[in-house]
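Below are the sequence and a predicted model for it; my questions follow.
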Amino acid sequence: MSGSSTAGKSGTPSGPGIVGPIFGRGAFMRIRMLAAAGVLVGIALTGTTVVPAHAVPTQPAAVTEAAAGWAMSIGGPIRSCAAASCGVVYQTSYGQDVYWDRSQVNSAGNRWYHVTSPATGWIYCGNISAPC
């Protein structure tokens with residue numbers, strides 16, 4: 001027979017193809033194995049829940065009262081009452097410490113802290129490092 005043949009001994013094409021030059025032999029098998037491993041890891045991570053050894057049930061934020069103490073301000077105003085419409089008593093600076101003695105949730109559902117230092121009044125929870 002004359003001419004060039006594209007079939008090898010096993011009857012499969014032996015010329016250049018997409019799989020050979022780009023990925024090499026067995027690349028698709030490695031890719032499939034890695035993909036399967038990734039799926040298994042993802043399933044394992046989504047099904048895992050970490051629970052503390054002594055988990056304590058928590059109450060909603062409106063009911064829970066934290067202990068009074070110092071908090072860091074991010075630069076918000078201290079107001080005369082627990083609402084954004086109240087007048088500004090004092091303007092805090094970023095990083096300034098404020099001391100609060102109690103908190104309350106106003107009619108709009110926002111938590112405000114009553115502060116006594118550096119001025120007496122109310123500061124919105126989003127303006128200090130205490131929890132909302």
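Looks like it came in fine.

what about the strands in this structure?
For the chain, strands defined by DSSP state E occupy the ranges 69-74, 77-79, 88-91, 94-105, 111-117, 121-124.

With A130 as the reference, name the closest of those.
Closest approach to A130 among the strands of the chain is made by strand 69-74 (4.3 Å; Cβ to Cβ). Every residue, glycine included, has its C-beta placed from N, CA and C.

In terms of secondary structure, what does that closest one contact?
With contacts taken as 3 or more Cβ pairs under 8 Å, 6 or more residues apart in numbering; DSSP states H and E, strand 69-74 sits against strand 94-105.

how's this structure carved up into domains?
Here the domain parsing of the chain from automatic domain parsing is 17-46, 69-127.

quick one: average confidence on the last one?
What it means is domain 69-127. Domain 69-127 carries an average pLDDT of 96.

mind checking the end-to-end distance for it?
15 Å (Cα to Cα, to the nearest Å).

Surely H114 and Q104 touch.
Yes. Counting by Cβ atoms under 8 Å, H114 touches Q104, with 7.4 Å between them.

Include distance to A130 when you put the strands of the chain into TSV, please.
What follows is the strands of the chain, written out as TSV (distance: least, Cβ to Cβ, whole Å):
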stretch	distance to A130
strand 69-74	4
strand 77-79	14
strand 88-91	17
strand 94-105	6
strand 111-117	6
strand 121-124	9
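
nearest to P131, of these?
Closest approach to P131 among the strands of the chain (Cβ to Cβ): strand 111-117, 8.1 Å.

Measure how the closest one sits relative to strand 69-74, angle-wise.
Angle, strand 111-117 to strand 69-74, by axes from the mean of the first three to the mean of the last three Cα atoms, to 10 degrees: 100 degrees.

Mind giving me the packing neighbours of strand 111-117?
Secondary elements touching strand 111-117 (3+ Cβ pairs under 8 Å, 6+ apart): strand 94-105, strand 121-124.

Within its sheet, name the partner strands of that strand and how each one runs.
Strand 111-117 sits in its sheet next to strand 94-105 (antiparallel), strand 121-124 (antiparallel), going by DSSP bridges.
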